[in-house]
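# any chance you could fold what I've pasted below:
(chains A and B)
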2 protein chains.
Amino acid sequence: MQTVGVGIIGFGTVGAGVVEGLLHNGDLLAQRLGVKPVLKGVADLDIETDRGIGLSPEMLTTDAQALIDREDVDIIVELIGGTGIARTFIEQALKKGKPVVTANKKLLAEYGESLYALSRAYHTDLHFGASVGGGIPIIRALREGLAGNRILAIQGILNGTSNYILTRMEQEGLPFETVLEDAQRLGFAEADPALDIDGYDTAHKAVILASLAYGKAFELHKVHVEGIRRLVRTDVEQAATLGYRIKLLGIIRRDIDSVEIRVAPTLVPQNSMLASVNGVFNAVMVESDLADHTMYYGRGAGRLPTASTVLADIADTARNLAMDAMMRVPPIPPTGESLQLKSIEDIRCRYYLRILVDDQPGVLAKITGLLAKHDISIESFIQKRPDIQGDAALVIVTHEALESDMNAALAAIAEFSIVKPPTVRLRIATI
Amino acid sequence: MQTVGVGIIGFGTVGAGVVEGLLHNGDLLAQRLGVKPVLKGVADLDIETDRGIGLSPEMLTTDAQALIDREDVDIIVELIGGTGIARTFIEQALKKGKPVVTANKKLLAEYGESLYALSRAYHTDLHFGASVGGGIPIIRALREGLAGNRILAIQGILNGTSNYILTRMEQEGLPFETVLEDAQRLGFAEADPALDIDGYDTAHKAVILASLAYGKAFELHKVHVEGIRRLVRTDVEQAATLGYRIKLLGIIRRDIDSVEIRVAPTLVPQNSMLASVNGVFNAVMVESDLADHTMYYGRGAGRLPTASTVLADIADTARNLAMDAMMRVPPIPPTGESLQLKSIEDIRCRYYLRILVDDQPGVLAKITGLLAKHDISIESFIQKRPDIQGDAALVIVTHEALESDMNAALAAIAEFSIVKPPTVRLRIATI
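Numbering: from 1, shown residues only, chains lettered A, B, ... in the order given. The predicted structure is shown next:
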């Protein structure tokens, strides 16, 4: 059987998972492909620590450069992560015409455009299935499975750490900090959890998904990102009363000639599929013109689930090498149009508001009057009885409104002496 | 831009959907592929009825044979269905080295082995993504996305008609017949609904999924199939009381050297993802060694969702033709092993039993004693108070037991004079 040589750069959690996958399932994979991916070497700065997967030491090297250059290495698998040396290695490989498989979402979200261009220029595969959704073949679905569709919207629970925290906050009525500490203790959250809980990881993934849907790279820094750090139990409970769960969603939605990409804790109807996604699991709901709603669910991170998708990319690359079919599918298939990123000010959605007020007569009239003045109409509201400080909470669900109108209304509401900060504004998903 | 010619045989619901998809999204598809699929002709016995999609009449022909033979037709799309002339056309195309795209689940489930062999023998693509799950790219996920995984189990809600009926039975407390009539009136069920509600459609799809997972065709006639026709409200309600919903599942599960494939109404825990799948939607939960659980959800039928997947297959084939990469992925990738189909007698699962008895002292002891004699232990039970005839119902949930033991126990229970038929036996899903 024909073989292709695989070189892995980065022997961390995912790297070790891929090696383990190749050792355990390499023969099965070869049977399925008709070509055998053979591990030629693994490069890492640390080649001493035992990863406990029985890889023979002579496979290890600290010289990634040499691994890329080796004649018998046909596919480079980059699993270092980050935007530093990983980028250099990927560029070097592509320039040598060696196809690259990577799971590096941050790099693709920030520098995707130049890497996609390099892949095209050197007519060399660049696969990144594991950059979004871990073991879920969502990138394959978007890139190939829905190729005949116009993508209307993508809404995803893309960060397992945040979803784990939100699930426990809702199910156990715990505050954010308590669940975060627990998650850190259990290994579900990093010591520095900012990337996960502040929404940036989700934003990286949303940008990649949008790129696939609309055939161009989008500017990460222009994406509106809110995390879950300031989310309080009261809103989780109020949302539940209203029939919603709060999920950290990456939302992509096309308009006529623009696309919105945003990340924020969002109210999702309890009876929707996305609301059923609990714990560390991820899911992506895609809305498209032919297939309508399709959803993809699974483990969004973890050693072996991520390895599963890296192996699928290695398989694709191996098939293409064996068939002399490089660039059978380009990294970002073009669509013939170039949609611009919509400003958050221009989006429209329904809103959840919780406003703390002095419990005085006429308060509700004042606030609803002000909302109406800004073209925001109210779908439903709950007035909660005053607490011991005499403060009452107004919980309002609005009809669809424009974000800039909502911003103006909230700025004006903040001026009222009867209103006590902070006013909470969350968006409601259109499912 | 390079073009490939597409000929469609069968201008029914799906055929018209594919034509509409090509007319509307053909340019987008071409942009994404770098090669343009161009419709050359559509063959059907009825070329008079207006399908309302604006296809010019000169594209229509009653001569499918001539369409297959045309020099400028590179891909044959078979959308007639059934095991008659459709089979002949597919065989003719493959023998001419023309790749085939089909959605014909019945044909593949019954005669897949010979068609897969023909595809290999003539080194010609055979794609059938739309044969299972309509718009859900589940076949692509199994064939490529999970290529590095050993598949442990697949459990799917694969028939929209049945799921629509079960959802309404549960949510509205309606009897089977009422919902079926309603579904027929609304167009969600055929005038002859047997294929859907008696489980055969699900069995066809289960056999195809099993073939992809384990690299060989399985014998459809050996698959254990039960439908939902005899399901009564009482059991739907009892299941709900116990924390379950009843879904018509196709279940595939591998053992050491065998595979079980079975179709039956099955109890699914209410908090599981599969239980959240309502109405005409389908979903497939896959359990594999690396990716763990992944689930794929969407519309399992319908004109445009099915067309979406047919277009993805046309896209794949067009890429392969353009790159001279026929058989890049074989129809059924081999796994290097040949698992046998397990007899239903040999499966193990938990069971739900509802036994109608004369309300006499000692009845429970008799029945539980008999179950124990057959190695069946009880996890929980509910004894319902006698009805006006003096009959009491015992609702029993068992621990995992062997099907042949359960059959023997139920045969013995049926002999008791205190037991009134019918005793209901349902299986409980392992999620």
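# how about the stretch 251-400 of chain A: which residue is closest to chain B?
The nearest approach of the stretch 251-400 of chain A to chain B comes at A:L311, 2.9 Å away (CB to the nearest CB). (Glycine included, C-beta is placed from N, CA and C.)
# so what's that residue closest to, chain neighbours aside?
Leaving aside its chain neighbours, A:L311 sits nearest to B:G148 (2.9 Å; criterion: CB to CB, 6 or more residues apart in numbering or on different chains).
# hang on, isn't the one you found packed against A:L304?
No: with contact defined as CB atoms under 8 Å, B:G148 does not count as touching A:L304 (9.8 Å).
# what about those two, which has more around it?
B:G148 (30 against 25; other CB atoms under 10 Å in any protein chain shown).
# enumerate the residues of the stretch 251-400 of chain A near chain B.
Proximity of the stretch 251-400 of chain A to chain B, by CB under 8 Å from any CB of the partner chain, involves residues A:273, A:276-277, A:281, A:288-299, A:302, A:304-305, A:307-309, A:311-312, A:314-316, A:319-320, A:323-325, A:328-330, A:333-336.
# just the stretch 51-200 of chain A next, same as before
Residues of the stretch 51-200 of chain A lying near chain B (CB under 8 Å from any CB): A:129, A:135-137, A:140-141, A:144-150.
# mind putting the residues you listed in a markdown table, secondary structure and distance to B:G250 included?
Below are these laid out as a markdown table (DSSP: H, G, I helix; E, B strand; the rest coil; distance: CB to CB, whole Å):
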| residue | secondary structure | distance to B:G250 |
| --- | --- | --- |
| A:G129 | helix | 27 |
| A:G135 | coil | 22 |
| A:I136 | coil | 21 |
| A:P137 | coil | 20 |
| A:R140 | helix | 23 |
| A:A141 | helix | 21 |
| A:E144 | helix | 24 |
| A:G145 | helix | 21 |
| A:L146 | coil | 24 |
| A:A147 | coil | 27 |
| A:G148 | coil | 26 |
| A:N149 | coil | 26 |
| A:R150 | coil | 31 |
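# need those in a markdown table (columns: pLDDT and distance to A:F176).
Output for these, formatted as a markdown table (pLDDT from 0 to 100; distance: CB to CB, whole Å):
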| residue | pLDDT | distance to A:F176 |
| --- | --- | --- |
| A:G129 | 98 | 32 |
| A:G135 | 98 | 27 |
| A:I136 | 98 | 26 |
| A:P137 | 98 | 32 |
| A:R140 | 97 | 35 |
| A:A141 | 98 | 33 |
| A:E144 | 97 | 39 |
| A:G145 | 98 | 37 |
| A:L146 | 98 | 36 |
| A:A147 | 98 | 41 |
| A:G148 | 98 | 43 |
| A:N149 | 98 | 38 |
| A:R150 | 98 | 38 |
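# the helices in the stretch 101-250 of chain A, which residues?
Ranges of helices within the stretch 101-250 of chain A are A:105-121, A:138-140, A:160-172, A:176-186, A:194-197, A:200-214, A:233-241, based on DSSP state H, counting those that start in this stretch.
# next, the angle from the third one to helix A:233-241.
Using axes from the mean of the first three to the mean of the last three CA atoms, to 10 degrees, one finds that helix A:160-172 and helix A:233-241 are set 70 degrees apart in direction.
# that older thread, need the residues touching each of B:G148 and A:L304.
Jointly contacting B:G148 and A:L304 under the rule CB atoms under 8 Å, 6 or more residues apart in numbering or on different chains are A:G21, B:L290.
# so where do the helices sit in the stretch 251-400 of chain A?
A:303-322, A:363-373.
# might you calculate how far the first one sits from the centre of the chain?
Read it as helix A:303-322. Computed by CA atoms, centre = their mean, to the nearest Å, the chain-centroid distance of helix A:303-322 equals 20 Å.
# equivalent analysis for stretch A:262-280, please.
Centroid separation for stretch A:262-280 versus its chain: 13 Å, with CA atoms, centre = their mean.
# check which residues of that stretch are buried.
A:262-268, A:272-278, A:280 (16 or more other CB atoms under 10 Å in any protein chain shown).
# so which of these are in strands?
A:R262, A:V263, A:A264, A:P265, A:T266, A:L267, A:V268 (DSSP state E).
# my guess is A:V18 meets A:T309, correct?
No: assessed by CB under 8 Å, A:V18 is found out of contact with A:T309, at 9.8 Å.
# of these two, who's got more company?
Neighbours per residue (other CB under 10 Å) separate A:V18 from A:T309, with A:T309 holding more: 34 against 31.
# can you pull the contacts of that one?
Per CB under 8 Å, 6+ apart, neighbours of A:T309: A:A103, A:G129, A:A130, A:G133, A:G134, A:G135, A:I136, A:P137, A:I139, B:G145, B:A291.
# 7 Å instead?
Counting by CB atoms under 7 Å, 6 or more residues apart in numbering or on different chains, A:T309 touches A:G129, A:A130, A:G134, A:G135, A:P137.
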